[in-house]
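Engineer: I would like the atomic coordinates for the input below:
(2 chains)
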There are 2 protein chains.
Amino acid sequence: MEYASFLRHHIEQIIELNDSEFDIVQTYFHPKKVKKKEYLINKGNKVTSEFLVINGCLKAFTFDESGKEYIVQFAMENWWISDYPAFSKQTEGEMCVQALENCTVLELAHEHKLEMIGRVRSMTEFFGKKSFSGYVALQNRVLSLLKNSPKEKYELLLNQYPELFQRVSKTMIAHYLGVSRETLSRLQNK
Amino acid sequence: MEYASFLRHHIEQIIELNDSEFDIVQTYFHPKKVKKKEYLINKGNKVTSEFLVINGCLKAFTFDESGKEYIVQFAMENWWISDYPAFSKQTEGEMCVQALENCTVLELAHEHKLEMIGRVRSMTEFFGKKSFSGYVALQNRVLSLLKNSPKEKYELLLNQYPELFQRVSKTMIAHYLGVSRETLSRLQNK
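Structural biologist: Residues are numbered from 1 along each chain as shown, chains lettered A, B, ... in the order given. This next block holds a predicted model:
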């Protein structure tokens, strides 16, 4: 597979795999290119895959009847993205996943993930550790959404992911932080 | 251990263990009783354990300079609770974990967890699946915090965990949902 060395490096940041294990693992990942503004997942579609970002930037979001957007997650290189509530149950989702740049991702289907884990048991540890870090990051996000002022939320995100501010619009940052575009502009002009 | 059958049932909802595996696993869990209002974790203390609730109800929360409280998590029977951001790095935490009723919990220390997983590999799958469900639940919570009106937030929580409303105060529900006590009262009186 074209992106084998990327994938191997990504996995080996968490666990070690020998060559024969990695040869099995890589067969389950399928490269996919999506152009800027294209959708990997559409609201209402059955969600059967998750995606590892090789390059590019994406968002997982939903919107209400008035069209107002709410961003649950961004993803850049080495991040995973999906509509996880829908993916976990293999059902139709509430979210969209859209490319914010031209992207290359590796697609992993739910059934392939289970088969792969059955064949290479140490991948259980890989996904377990990824899920645990994701859980911890989301506890921090919940805490910030509940507690922090718009200014604190903005500064926390800027410190954590400075690169994100170069790659996505200010409007999207506002939709991620749950603050209005006007509040965000005021903060930036300070 | 006194609570062995509870623990075994809890684990076997996710994975199967044979008797000798369970005998190893149970040695790492230590029962602890906490009285109503007592703290399992104090803000600023190093967090080295997580807790499985046998009976009772607890909250994980923090507060700001003015004393305003923000509840990240509740936990009832069969739920796990800790200050996970601090637990994951074995550092001092921002949160407290306090008993809301007289509780019995099983304490699992971080170092014991690692040792146990090294000896009983299938526990990797148990914790991995727990973390993944936790991650999914928190994505739903983030979505709700961003998108839903106070009324929708309230109804979602009531549908998901009706029992919680019998066991914790309305003020705490408000601190969990990120809405004011007054807004919550208005919703309940409707």
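
Engineer: For chain A, just list every one of the helices.
Structural biologist: Secondary structure of chain A (DSSP state H): helices at A:4-12, A:19-26, A:84-89, A:110-119, A:122-147, A:150-160, A:164-167, A:170-177, A:181-189.

Engineer: Figure out which of those helices is closest to chain B.
Structural biologist: For chain B, the closest of these is helix A:122-147, at 2.6 Å, according to CB to the nearest CB. Where C-beta positions appear, they are placed from N, C-alpha and C, glycine not excepted.

Engineer: Is chain B within reach of the closest one?
Structural biologist: Yes: remark: helix A:122-147 sits within contact range of chain B at A:124-125, A:127-129, A:131-136, A:138-143, A:145-147, by CB under 8 Å from any CB of the partner chain.

Engineer: rewinding a little: out of the helices of chain A, which comes closest to B:Glu115?
Structural biologist: helix A:122-147 (14.9 Å; CB to CB).

Engineer: Who are the packing partners of the closest one?
Structural biologist: helix A:110-119, helix A:150-160, strand B:69-75, helix B:84-89, helix B:122-147 (3 or more CB pairs under 8 Å, 6 or more residues apart in numbering or on different chains; DSSP states H and E).

Engineer: and these, which is most packed in?
Structural biologist: strand B:69-75 (a mean of 22; mean count of other CB atoms under 10 Å in any protein chain shown).

Engineer: Next one, pLDDT for A:Tyr161 please.
Structural biologist: pLDDT for A:Tyr161: 94.

Engineer: Quick check: the gap between the residue positioned nearest the centre of chain A and chain B.
Structural biologist: The residue lying closest to the centre of chain A (CA atoms, centre = their mean) is A:Ile81, at 2.8 Å. Going from A:Ile81 to chain B by CB to the nearest CB, to the nearest Å gives 11 Å.

Engineer: for that residue, what are its contacts?
Structural biologist: A:Ile81 is in contact with A:Leu40, A:Glu50, A:Phe51, A:Val53, A:Leu58, A:Ala60, A:Gln73, A:Ala75, A:Val97, A:Val105, counting by CB atoms under 8 Å, 6 or more residues apart in numbering or on different chains.

Engineer: same thing but 10 Å
Structural biologist: A:40-41, A:50-53, A:57-60, A:72-75, A:95, A:97, A:103, A:105 (CB atoms under 10 Å, 6 or more residues apart in numbering or on different chains).

Engineer: out of these, which touch chain B?
Structural biologist: A:Ala60, A:Val72, A:Gln73, A:Met95 (CB under 10 Å from any CB of the partner chain).

Engineer: Surely the first one and A:Ala99 touch.
Structural biologist: If I follow you right, that is A:Ala60. No: counting by CB atoms under 10 Å, A:Ala60 does not reach A:Ala99; the two are 11.4 Å apart.

Engineer: partner residues bridging the closest residue to A:Gln73 other than its chain neighbours?
Structural biologist: With sequence-adjacent residues excluded and distances taken as CB to CB, 6 or more residues apart in numbering or on different chains, A:Gln73 is closest to A:Ala60, at 4.3 Å. Per DSSP bridges, the residues bridged to A:Ala60 are A:Gln73, A:Val97.

Engineer: neighbours around A:Ala60, how many?
Structural biologist: 23 (other CB atoms under 10 Å in any protein chain shown).
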